[in-house]
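*Asks:* fold the following.
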Amino acid sequence: MHIVKHPLQLNVKFAWKRSHMSHSVGFQSRHDTERTLRENRAYQHEKTENCTGFLHREYENFGFLNVDICTDPNAYASLLQDCIKNKSLVDSKKVHGCIIKIGFQGGTFIWNRLMDTYMKCGSLENARQVFDKMYTKDTISWNTMIGGYAKFGSIKEARQLFDRMPEQNVVSWNAVIAGYARHGHPEEALELFKHMQTAGFESDRITYACVLSVCASLLSLQQGKRVHAYVIKDGLESDIFVVSGLIDMYAKCGIIDEADQLFQRMPNRDEAVWNSIIAGHAREGHGEEALKLYCRMQREGMKHDRISFASGLGACASLPDSEHGKLIHAHIIKTGFEHEGFTGSALVDMYAKCQDIEDAVRVFDRMPHRDSVSWTAIIGGCAQNGRSEEALNLYCLMQSEGLMPNSFTFGSVLSACASLVALAQGKQVHVHIIKSGFESNVFAGSAIVDMYAKCGSIEDARQVFDNVVERDLVSWNGIIGGYAQNGYGKEALKLFEEMLSVNMKPNQSTFVGVLSACSRTGLVEEGCYYFHSMSQSHSIKAGPEHYACMVDILGRAGRLDEAKDLIKSMPVEPDAPIWGALLGACRIHGNMDLGQLAAERLFELEPQTSSTYILLSNIYAAAGMWEDAANIRKMMKSRGVRKMAGYTWIEVKNKIYQFIAEDRSHPRAEEIYATLQALAAPMKAAGYVPDTDFVLHDVDEELKEGILYHHSEKLAIAFGLISTPSGIPIRIVKNLRVCGDCHNATKIISKVVGREIVVRDASRFHHFRQGLCSCGDYW
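*Replies:* The predicted structure follows:
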């Protein structure tokens, strides 16, 4: 009988020959040796066909296998390795079937290898079946199964097996600790590490590297220092793998000096170490130092990878420095990393943060494969660069492509909604966050609070804040700043005191919110108290933004000389916002001399900023000095400075409508003007008198009144009245400060029509209800 050998038999035979060739070839004749070499050369080609081709066909002829040559476990190990290489679960199952069919008894070695093969082909279920049917399990068996569960995120199952394991070793502990760390359970990873120490197991370099990464992700400096002590005790302080983890931990926890010292002491540094120290400096705002290290890394002959490119781009973004960023971009193109997703996302982010949004969009459009990170980068870039509508459109496009937003995506989208005061769209995004399971995420929760506050819905902001389980400093700063911006200063200060009572340590941003609350509600003494408490009680050095708030507080209260003295006492040169606050106060109180001084300083610092010219011109006009006012406007024109056009917008049914003064371009313009005309009589009956002092032109009173009636704020309110249901608030946004007449008119309109009107101008929110404003007319 002619027996046709099954392909698997051939493959096992070749695998057996390959594993034993080194032992047999020396005893063959020259002819046999040459034949064997030819067969093994043919094996390379035939192996692929036999190992993959035969497994696509049915196999029934296991009985034809030559059992004599199938007793070596290395032969089956070779076959299983081929299955792993091809990622073929079907192949793995058929080799498994073959092993069972011939009754092969290869000990735990082949079963461990089979488990590993199933896992690497993506089947935990089949691996577990092999594990459960093993009569004898060694430590490798347990560790293989535990490691598989941990890798695939089945942490509960991994821990159950770990607890049942007869005799654990360092590999077992490392597998579960790494599983916890990799799949979002950092606290559990640290807790298990502590158990490992108390149980007397000796940690190795892998343990320490993993635990240090956990400390870095949690920003747990104290725990990181304890791990550092263990590292020194175990003599691993020179291990490049462990020291890299230490540098990354210290850098992410903001202790960059300690990271630098470790870096400088290292005799040999790999790419991971360089990447950690560069990224650490970039994160801490040391862009120049980060860029120097990036260039030094290149000079020392280290090979750049996607992480180092991203670190260098991060340094350029923090400066910002698009010129160096473009040089790195050229290097990325040269080395073939341009279309790699991680690098592409870093390029988008760098260009966006350097305010070069067009190049950011070009890089994004060229990316062949865009993931959630790259989408988040471009959405965030548009939101940061004033292209909020485009950011919202990109968010919708991202969803249409089936990609899942992350917490940072939602943060950027909510920022865009806040910028547009698009409350309806912000609420839709809030619903998406709840459905996506991110509501409990601290970052997303803080962004929701910020969005509601900046859309003027402080009640919704407070409700979300109260429901946040774990409030971090960003959450507290958001709600305090929200109350301040909406004109509820006393409530903001109450929240600040509540924050201190739960031992949350404030930072510089916290005090910007606190001082803004005092500024916007006239709480002068409270503002002075909190300003001095920064250094005396909280060891926080006041920055320019805090001085600007204090100048505003004193200036608005008419204490201009004190504001001037405060500026003189500053340890650093006052910047434009500080002089701007003083100039604004001079405009309110008509102090021409001090106003001229502030304007002169602003002309030096920001000669192209139109608001300085406008404010000084207004001071002159309010005093009837029309010629001086005209001269300022001529100076403005000669210097090529253009006045920013004032406009107001309103969102109705998810669409933004924009108005300028005397605007008749809207399709419903006739209805809008008719509504204003109909309001004129009841408004005057309710006490409204047009304040023509806010028309800073040398024209007659009747013309001034006509100009006032058609300001953009009033046009937007009239459109809101005719296009939204009665009973719901009307929300409008002004790109400049709302004028005094529009402020008075809006109070009266809210009383006449019985509607709440929320106005956000360039400085703050005004909530108008029943003829009153939340600012108490202090603005």
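
*Asks:* ramachandran angles for Gly437?
*Replies:* When read as degrees, to the nearest 10, the backbone of Gly437 gives phi 80, psi 20.

*Asks:* Glu338 now?
*Replies:* Backbone dihedrals for Glu338, given as degrees, to the nearest 10, come out at phi -60, psi -40.

*Asks:* can I assume His767 sits in a helix?
*Replies:* No - counting by DSSP: H, G, I helix; E, B strand; the rest coil, one finds His767 to be strand, located in no helix.

*Asks:* gap between the spatially most central residue of the chain and Ala383?
*Replies:* Taking CA atoms, centre = their mean, the centroid of the chain lies closest to Phe408, which sits 3.9 Å from it. The gap separating Phe408 from Ala383 is 11 Å, by CB to CB, to the nearest Å. C-beta here means a position set from N, CA and C on the backbone, and glycine is covered the same way.

*Asks:* then Phe465?
*Replies:* 22 Å.

*Asks:* of those two, who's got more company?
*Replies:* Relative neighbour count places Ala383 above the other of Phe465 and Ala383, with 26 against 22, counting by other CB atoms under 10 Å.

*Asks:* tell me the contacts of that one?
*Replies:* Listed by CB atoms under 8 Å, 6 or more residues apart in numbering, the contact set of Ala383 reads 391, 412-413, 415-416, 419.

*Asks:* minimum pLDDT in the residues you listed, which residue is that?
*Replies:* Per-residue confidence over the contacts of Ala383 reaches its minimum at Ser419, where pLDDT is 90.

*Asks:* any idea how far apart the tips of stretch 770-779 sit?
*Replies:* As for stretch 770-779, its first-to-last residue distance stands at 19 Å under the measure CA to CA, to the nearest Å.

*Asks:* hmm, I typed the wrong one, I wanted stretch 95-115.
*Replies:* Counting by CA to CA, the terminal residues of stretch 95-115 are separated by 12 Å.

*Asks:* how about stretch 210-226?
*Replies:* Terminal residues of stretch 210-226 lie 14 Å apart, using CA to CA.

*Asks:* which residues does it contact?
*Replies:* Outside of stretch 210-226, the residues within contact range by CB under 8 Å, 6+ apart are 174, 177-178, 180-181, 186-187, 189-190, 193, 203, 227, 242, 245-246, 248-255.

*Asks:* PyMOL command to pick out the buried ones of these?
*Replies:* Buried residues within the contacts of stretch 210-226, as defined by 16 or more other CB atoms under 10 Å, are selected in PyMOL through the command that follows:
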select buried, resi 174+177+178+180+181+186+189+190+193+203+227+242+245+246+248+249+250+251+252+253+255
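
*Asks:* just the ones of the contacts of stretch 210-226 in helices?
*Replies:* 174, 177-178, 180-181, 186-187, 189-190, 193, 227, 242, 245-246, 248-252 (DSSP state H).

*Asks:* just to revisit the earlier point, let's see if you can find the most crowded of the contacts of Ala383.
*Replies:* Using other CB under 10 Å as the neighbour test, the contacts of Ala383 are led by Val413, with 30 neighbours.

*Asks:* my guess is that one contacts Thr376. True?
*Replies:* No - in this structure Val413 lies outside contact range of Thr376 using CB atoms under 8 Å: 9.3 Å.

*Asks:* overlap in contacts, those two.
*Replies:* In terms of CB under 8 Å, 6+ apart, Val413 and Thr376 are both contacted by the residues Pro405.

*Asks:* now do stretch 332-346: distance to the chain's middle.
*Replies:* 20 Å (CA atoms, centre = their mean, to the nearest Å).

*Asks:* which other residues reach that stretch?
*Replies:* Counting by CB under 8 Å, 6+ apart, the neighbours of stretch 332-346 from elsewhere in the structure are 304, 306-307, 309-310, 313-314, 329, 347, 363-364, 366-371, 373-374, 376-377.

*Asks:* so what's the residue nearest to the centre of the chain up against?
*Replies:* Counting by CB under 8 Å, 6+ apart, Phe408 has contacts 376, 380, 443.

*Asks:* tell me which of those has the lowest pLDDT.
*Replies:* Lowest model confidence among these falls on Phe443, which carries 84.

*Asks:* burial count for that residue?
*Replies:* Burial of Phe443, expressed as a neighbour count using other CB under 10 Å, amounts to 16.

*Asks:* renumber starting at 234 from here on
*Replies:* Sounds good: first residue 234 from here, last item Phe676.

*Asks:* what about it, which SS state?
*Replies:* When the structure is reduced to helix, strand and coil (three-state DSSP), Phe676 reads as helix.

*Asks:* need the three-state assignment for Gly857.
*Replies:* Per three-state DSSP, the local secondary structure of Gly857 is coil.

*Asks:* neighbours around it, how many?
*Replies:* Summarising burial for Gly857: neighbours were counted as other CB under 10 Å, giving 10.
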